[in-house]
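Please find the sequence and the predicted model below.
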Amino acid sequence: MDRTVPLAFALLGVVLGAVGQLNSLAPALLRGPSLATLGPGFALLGGVLFLLSTVVVAWVGYRTGRRVNLPAEFGRFAATAGAAGGLGFLVGGTTTLLVAPVPLDDVLATVVFAVGYSAVTKGVSIGLYGLAGAAVGHFRATGGV
């Protein structure tokens, strides 16, 4: 398998992890304004997260799936994309938590569990969405559409 496949999904996972943690930490980071005035910003960030986690993951799968013999390696492709994306998500989320000026003393164990759990679930979804995009790319490349 081409090295660009895990690299692309890992980089996407880092971005997803960082943006996801910013979305989670935004209320603590933005203490001054009322949460009601921040509603459109949260909605926009949620929309960006949705596009990154579905459309962009499928697009990366579509682009990188052309570099793989998908019928023979579909399981390996999904596992590689999921593992790289999940690890990237963990790195991005953890880095954001470490640099954010938010005290986590009382809830550190909960935060560690939440970030780890999110990385696992995001890894599974990245693997599946990436495989779906790669399957469409393979189908189109073989003359299916």
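Sure thing, it's come through.

Residue 77: neighbouring residues, count only.
27 (other CB atoms under 10 Å). C-betas here are computed from N, CA, C, even on glycine.

for residue 37, same thing?
Residues lying near residue 37 (other CB under 10 Å) number 10.

Also residue 69?
Counted with other CB under 10 Å, residue 69 comes out at 11.

and it, how far is that from residue 111?
41 Å (CB to CB, to the nearest Å).

mind listing the helices for the chain?
Assigned by DSSP state H, the helices in the chain fall at 4-29, 39-50, 57-65, 70-99, 108-141.

Among those helices, show the one with the smallest mean pLDDT.
Mean pLDDT per stretch puts helix 39-50 lowest among the helices of the chain, at a mean of 83.

How about residues contacting it?
In this structure, residues lying in contact with helix 39-50 by CB atoms under 8 Å, 6 or more residues apart in numbering are 16, 19-20, 22-23, 26.

returning to what we had before: out of the helices of the chain, indicate the one that is most buried.
Comparing these by mean neighbour count (mean count of other CB atoms under 10 Å), helix 57-65 comes out on top with a mean of 23.

list the helices and strands that helix packs on?
In this structure, helix 57-65 makes packing contacts with helix 4-29, helix 70-99, helix 108-141, judged by 3 or more CB pairs under 8 Å, 6 or more residues apart in numbering; DSSP states H and E.
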